[in-house]
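Asker: Here is a sequence together with a model predicted from it:
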Amino acid sequence: MNNFGLPEELGWRFDSLYQWLSRKYPMTVEHIEIGGHTFQINKITDPTAALEEAVAANSMDSFATPYWAELWPSAIALSEFVAENAIPNHSTVLELGCGMGLVGIVAGHFGASVVLNDREDDALRLAELNYLINLSTVPEVLQFDWIAPVQRQFSLILAADVVYELAIYQPLLHTFRTMLAPGGEIWLAEPNRPIAKDFFKVLSDNNFVWEMIPKKVTRNGRETRISVYIIRRK
């Protein structure tokens, strides 16, 4: 299975991850160009089917829905923003809710020391697989729910399309307050959902400020307007 010229130890890890995932989901590969470099992203062939199956199995738990199985336009926009804006030297970077890991991979490609987070086992397996293929190294991963963030701080937090329902706002705020190092920044990409306005009011009420950079992503013939926010403490 290891056709990527990886060292033997990494090849075994790749094979283990791929076999685990491909037994559960039909898999496909997409090549995405970011910042003049092409990244190879393994993903689930039919994320809609995976979503419907998970909703049926976890009808009372909205947090269990596998949004990680979709490559969202916000992740592409944030990846482009990372490629266009140098991450300060010696930054410790956390990709929050990493899904398949594209944003963290791009940050790692441009020299950042990256940690990947998600609450779902399979999301972290897929993100690790993609990181390994693209950067020939095994990433550090942190599995935790935003209700109970890890007591560890990062100078830069990356988050794409995480502001999608009200129940998430307080846990996400708690995570930001706990894990953002003094003087650090959050780079958050959001597809201009009306519901997100409430989250930014929550941020403002808790002494965060931000600036917004508009982006456009064209995917499958459809243009999506994305807002990338640089968020800091007052």
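Answerer: Thanks, I have the structure now.

Asker: Which elements pack onto the longest helix that the chain contains?
Answerer: Scanning the chain for the longest helix, with DSSP state H as the assignment, gives helix 8-24. Judged by 3 or more CB pairs under 8 Å, 6 or more residues apart in numbering; DSSP states H and E, the packing partners of helix 8-24 are helix 121-135. In short, each C-beta sits where N, CA and C put it, glycine included.

Asker: other SSEs contacting the following helix or strand past the helix it packs on?
Answerer: Sequence order places strand 140-143 as the next helix or strand after helix 121-135, per DSSP states H and E. Contact here means 3+ CB pairs under 8 Å, 6+ apart; on that basis strand 140-143 packs against strand 113-118, helix 121-135.

Asker: can you do 10 Å?
Answerer: Here strand 140-143 touches strand 92-96, strand 113-118, helix 121-135, going by 3 or more CB pairs under 10 Å, 6 or more residues apart in numbering; DSSP states H and E.

Asker: could you redo these as CSV and give each row mean pLDDT and distance to Ile230?
Answerer: Conversion of these to CSV gives the following (pLDDT from 0 to 100; distance: least, CB to CB, whole Å):
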stretch, mean pLDDT, distance to Ile230
strand 92-96, 97, 14
strand 113-118, 97, 18
helix 121-135, 96, 24
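
Asker: Name the residue closest to the centre of the chain, please.
Answerer: Centroid check for the chain by CA atoms, centre = their mean gives Cys98 as the closest residue, at 2.5 Å.

Asker: Look up phi and psi at it.
Answerer: Cys98 adopts backbone torsions of phi -70, psi -20, taken as degrees, to the nearest 10.

Asker: The residue nearest to it when sequence neighbours are not counted: what's it in contact with?
Answerer: Once flanking residues are discounted, Cys98 sits nearest to Leu116: 4.3 Å by CB to CB, 6 or more residues apart in numbering. By CB atoms under 10 Å, 6 or more residues apart in numbering, the contact list for Leu116 reads 93-101, 103-105, 108, 123-124, 127-128, 130-131, 139-143, 158.

Asker: go with 7 Å
Answerer: Contact analysis of Leu116 by CB atoms under 7 Å, 6 or more residues apart in numbering lists Glu95, Cys98, Gly101, Gly104, Leu124, Ala127, Tyr131, Pro139, Val141.

Asker: Repeat that for Val138.
Answerer: Val138 sits next to Leu10, Arg13, Glu128, Leu132 when contact means CB under 7 Å, 6+ apart.
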